[in-house]
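Engineer: no sequence on this one, just coordinates:
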């Protein structure tokens, strides 16, 4: 069984970016996640570590992948998406709140922008579906 590796290369207050690596991937698959906010549920990317990943059917994201055994977290998925930018502002304190299409999951894509946008996510998911057909080891570094 070969391992899927996510190498993160950029993180700021807006996003965390990386590249998924696997021997069977012919081209780079970029990733976009929320920024690191101490592993808080729904607003932070997950910590570096070794996990398991498996194909998963979700009503909201169809055929995606579940990352499990994440300490203190659940419902972590790799699924299509485009942005991790906040799109909701609290009317009482005027600070941005991380209410967006990402709740701590990983968005794959074929092109990435450092302003919190990933492109061609469906194409990247198709490439991942071809190689992740059963439970695999998944390492984030």
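Structural biologist: Perfect, I can see it now. Remember, it's a predicted structure, so these values are computed and weren't measured experimentally.
Engineer: got the contact list for the residue nearest the centre of the chain?
Structural biologist: Centroid-nearest residue in the chain: residue 106, 0.7 Å away (criterion: CA atoms, centre = their mean). Residue 106 sits next to 6, 31-33, 45, 67, 76-78 when contact means CB atoms under 8 Å, 6 or more residues apart in numbering. Every C-beta, even on glycine, is put in place using the N, C-alpha and C of the backbone.
Engineer: how far away is the residue nearest to it when sequence neighbours are not counted from residue 50?
Structural biologist: Of all residues not flanking residue 106 in the chain, residue 78 sits nearest, at 4.6 Å (CB to CB, 6 or more residues apart in numbering). As judged by CB to CB, to the nearest Å, residue 78 and residue 50 stand 16 Å apart.
Engineer: before we move on, what about residue 6?
Structural biologist: For residue 6, the distance to residue 50 - CB to CB - is 11 Å.
Engineer: more crowded one of those two?
Structural biologist: Ranked by neighbour count (other CB atoms under 10 Å), residue 6 and residue 50 place residue 6 first, with 24 against 11.
Engineer: what's the one helix or strand that one maps to packed up against?
Structural biologist: Assessed by DSSP states H and E, residue 6 sits inside strand 4-11. Contacts defined by 3 or more CB pairs under 8 Å, 6 or more residues apart in numbering; DSSP states H and E place strand 4-11 against strand 16-21, strand 136-140.
Engineer: Which residues belonging to the longest strand anywhere in the chain are considered buried?
Structural biologist: In the chain, with assignment by DSSP state E, the single longest strand is strand 49-58. Residues of strand 49-58 classed as buried: 51, 53, 56 (neighbour count, 16 or more other CB atoms under 10 Å).
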